[in-house]
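Undergrad: Pasted the sequence and its predicted model underneath.
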Amino acid sequence: MAPTADPQLIDRGLDALRRGDAATARDLLSQAGQGGGRVPWLALARACSLTGDAAGEEEALQRQLEMNKRDLPALFAMAELKARQGNDRAASSFFRTAVAQAAATNPLPPQFRPLLDRAQTFLRDVGTRYEAHLTERLEAVRLDPSPRLAYALDMLRGRKPLYLQQPSMFYFPGLAQRPFFEREEFDWLPRVEAAVPALQAELRAVLAGGEEFEPYITGAPDRPLPNNKLLRDPSWGAYHFWQGGAVVQDHAARCPATMTAIEHAPMPRIAGRSPMALWSALKPGTHIEAHHGMLNTRLIVHVPLLAPEGCAIRVGHETRSWREGEALIFDDSFEHEAWNRSTELRVILLFEIWRPEISADERADLTRLFEAIDLYSAEA
């Protein structure tokens with residue numbers, strides 16, 4: 001325990017500070033604290049500040065923060081001290097900590113509101129100065145960043161958020177945080193893409209027959225309805241080939257080339273759940289709002305069959321347009337959204353595949369796990 005400071009010196013020092021005699025207050029409170037005695041460190045810091053003693057002010061604030069690491073007045077005061085000294089990075093760090101602590105303080109005393117406003121203004125201004133500095137320095141060294149580094153810089157500048165896998169049902173740890181995968185990584189994919197003309201012919205035959213796709217979002221009778229603006233809306237349509245792990249026989253019979261093509265893919269085979277394969281249609285002007293998929297153990301493959309200009313998908317921070325015959329592969333456990341801003345119909349062949357990093361043994365174990373989950377639901 002710290003030794004007891006002289007209470008008479010403390011009282012005299014506080015009285016001097018109230019009378020506006022900062023120099024006397026500093027001397028008395030400093031004398032009281034000699035030998036390690038505990039004094040009102042915030043009062044001593046204030047007295048030092050008023051007398052221009054920055055070193056004494058910092059030492060007193062450090063002593064207060066050693067006693068209480070999240071003391072709001074001390075955090076704000078230390079931030080202001082660092083700002084006066086021109087140390088933007090240190091000031092920002094203390095201001096950010098103070099803002100976070102203020103958010104966790106409920107209710108926040110009214111006297112802290114102006115301090116909080118000041119902190120937020122400072123952080124905005126520093127962000128502007130920091131970005132200008134960074135841009136100037138990077139231009140000076142003629143940095144030509146790769147896409148990954150460009151995204152990292154955008155996050156550093158506060159222009160873009162950090163997107164991570166956030167599956168709504170099941171998270172499998174240790175997988176790479178990659179929104180998109182590249183076509184060249186999948187040796188089976190050229191055989192699917194080579195079949196695109198035949199797949200397009202089957203699609204056009206179905207469309208020519210006037211058959212309406214069912215709404216992609218329908219809801220289940222024993223579950224709460226999804227909070228999705230496209231619920232039961234055929235603007236986002238589906239024509240299933242595999243649904244709930246079973247073949248949709250009449251669709252499969254009409255589209256044998258499509259069924260053959262998707263057999264090349266490493267689709268999960270989970271009773272009652274997978275494979276899943278369908279045509280996904282977006283009518284002109286349709287927007288699929290940002291959402292997350294259920295799992296990160298799979299990837300979603302899009303094979304564009306009708307892909308007019310003005311159609312695209314954003315996965316995480318990256319947006320890509322569909323090109324007929326060129327597959328897009330992505331992790332739908334990232335936040336993603338899609339749109340058709342053209343005047344024509346967009347249709348893709350959509351199916352799921354295992355993540356390539358997941359071993360054969362892990363795939364077998366995951367299959368047993370998901371089947372056990374679904375079996376409980378069926379028996380409940």
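TA: Right, received. Where do you want to start?

Undergrad: next helix or strand past the helix or strand encompassing Ala253?
TA: Using DSSP states H and E, Ala253 sits within helix 249-254. Moving toward the C-terminus from helix 249-254, the next helix or strand (DSSP H and E) is helix 256-262.

Undergrad: Quick check: buried residues in that following helix?
TA: When neighbours are counted by 16 or more other Cβ atoms under 10 Å, the buried residues of helix 256-262 are found to be Thr258, Met259, Ala261, Ile262. Quick note: C-beta positions are derived from backbone N, CA and C, even for glycine.

Undergrad: need the contact list for the first one.
TA: Taking Cβ atoms under 8 Å, 6 or more residues apart in numbering, we find Thr258 in contact with Leu199, Glu202, Phe241, Leu349.

Undergrad: C-terminal to the helix or strand where Arg148 lies, what's the next element?
TA: In this structure, Arg148 sits in helix 147-156 according to DSSP H and E. For helix 147-156, the following helix or strand on the C-terminal side (DSSP H and E) is strand 180-181.

Undergrad: For that following strand, which helices and strands make contact with it?
TA: Strand 180-181 makes packing contacts with strand 328-330 when contacts are defined by 3 or more Cβ pairs under 8 Å, 6 or more residues apart in numbering; DSSP states H and E.

Undergrad: Tell me the helices and strands packed up against the strand it packs on.
TA: strand 180-181, strand 298-306, strand 311-315.

Undergrad: orientation of the biggest helix by length in the chain relative to helix 147-156 in degrees?
TA: Assignment by DSSP state H gives helix 113-140 as the longest helix of the chain. Here the directions of helix 113-140 and helix 147-156 differ by 150 degrees (axes from the mean of the first three to the mean of the last three Cα atoms, to 10 degrees).

Undergrad: Give me the buried positions along helix 113-140.
TA: Applying 16+ other Cβ under 10 Å to helix 113-140 flags Leu115, Leu116, Arg118, Ala119, Phe122, Leu123, Val126, Tyr130 as buried.

Undergrad: Need the worst-confidence member of those residues.
TA: Among the buried residues of helix 113-140, Tyr130 has the lowest pLDDT, at 84.

Undergrad: show me what contacts that residue?
TA: Asp88, Arg157.

Undergrad: pretty sure Asn228 contacts Ile217?
TA: Yes. In terms of Cβ atoms under 8 Å, Asn228 counts as a neighbour of Ile217; the distance is 5.0 Å.

Undergrad: sorry, back to before: buried subset of the contacts of Thr258 as a PyMOL selection?
TA: Buried members of the contacts of Thr258, defined by 16+ other Cβ under 10 Å, are picked up in PyMOL with:
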select buried, resi 199+202+241+349
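
Undergrad: element containing Ala98?
TA: Going by DSSP H and E, Ala98 is in helix 88-103.

Undergrad: For that helix, name the packing helices and strands.
TA: Going by 3+ Cβ pairs under 8 Å, 6+ apart, helix 88-103 lies up against helix 72-84, helix 113-140.

Undergrad: lowest-confidence stretch among those?
TA: helix 113-140 (a mean of 89).

Undergrad: what angle do it and helix 88-103 make?
TA: 140 degrees.

Undergrad: backbone phi and psi for the residue positioned nearest the centre of the chain, please?
TA: Against the mean C-alpha coordinate of the chain, by Cα atoms, centre = their mean, the closest residue is Tyr163 at 3.1 Å. Main-chain torsions, Tyr163, degrees, to the nearest 10: phi -100, psi 130.

Undergrad: And for it, nearest residue in space, chain neighbours not counted?
TA: Of all residues not flanking Tyr163 in the chain, Gly316 sits nearest, at 3.6 Å (Cβ to Cβ, 6 or more residues apart in numbering).

Undergrad: In JSON lines: the buried residues of helix 113-140, plus distance to Pro167.
TA: As requested, the buried residues of helix 113-140 are exported to JSON lines (distance: Cβ to Cβ, whole Å):
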{"residue": "Leu115", "distance to Pro167": "40"}
{"residue": "Leu116", "distance to Pro167": "36"}
{"residue": "Arg118", "distance to Pro167": "40"}
{"residue": "Ala119", "distance to Pro167": "36"}
{"residue": "Phe122", "distance to Pro167": "38"}
{"residue": "Leu123", "distance to Pro167": "33"}
{"residue": "Val126", "distance to Pro167": "36"}
{"residue": "Tyr130", "distance to Pro167": "34"}
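
Undergrad: ok, so of those, who is nearest Phe180?
TA: Nearest to Phe180 among the buried residues of helix 113-140: Tyr130, at 29.7 Å, using Cβ to Cβ.

Undergrad: Wait, Phe94 touches Met78, no?
TA: Yes. In this structure, Phe94 is within contact of Met78 by Cβ under 8 Å, at 4.8 Å.

Undergrad: check contacts around the nearest residue to Phe334 once chain neighbours are set aside.
TA: Excluding the flanking residues, the one nearest Phe334 by Cβ to Cβ, 6+ apart is Gly316, at 4.3 Å. Gly316 makes contacts with Tyr163, Pro179, Phe334, Glu335, His336, as judged by Cβ under 8 Å, 6+ apart.
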